[in-house]
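Q: Sequence and predicted structure below; questions after.
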Amino acid sequence: MCTDNWIEFTVRYITDFKLRRSTKNRIFSLILEEFEKTGGWVKIASITMQLVDPQPLTVKFSGKLPE
């Protein structure tokens, strides 16, 4: 899926439940490495926004904040 600010991949894989996080991190790293191998032909970009003269913001809390 492609949106204005990111690319989202849905990846399904089988792994030992104890290796879930490390497997996910390794797959993510491999995807980034493949982007880098394109020599700049494929780039990951994002939109940058700048707020000019923002209005003051007042925040009021009522009640007790959760601990």
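A: Cool, the structure landed. Numbers count the residues shown, from 1 in each chain.
Q: What ranges does this protein have for its helices?
A: 20-37 (DSSP state H).
Q: Flag the shaky bits of this structure, pLDDT-wise.
A: Low-confidence segments of the chain, defined by pLDDT under 70: 1-6, 45-47, 65-67.
Q: switch to 50 and redo it
A: Filtered on pLDDT under 50, the chain yields the residue ranges 2.
Q: Quick one: neighbours of Lys24, just the number.
A: 13 (other CB atoms under 10 Å). Where you see a C-beta, it was placed from the backbone N, CA and C, and this is true even at glycine.
Q: any idea how far it lies from Glu33?
A: 15 Å (CB to CB, to the nearest Å).
Q: was I right about Ile31 contacting Ile7?
A: No. Look at Ile31 against Ile7 with CB atoms under 8 Å: they stay out of range, at 9.6 Å.
Q: Report how many residues lie close to Glu8.
A: Glu8 has 7 nearby residues by other CB under 10 Å.
Q: and if you look at the one 5 residues further on?
A: Tyr13 sits with 8 neighbouring residues when counted by other CB under 10 Å.
Q: again, but for Phe35
A: 13.
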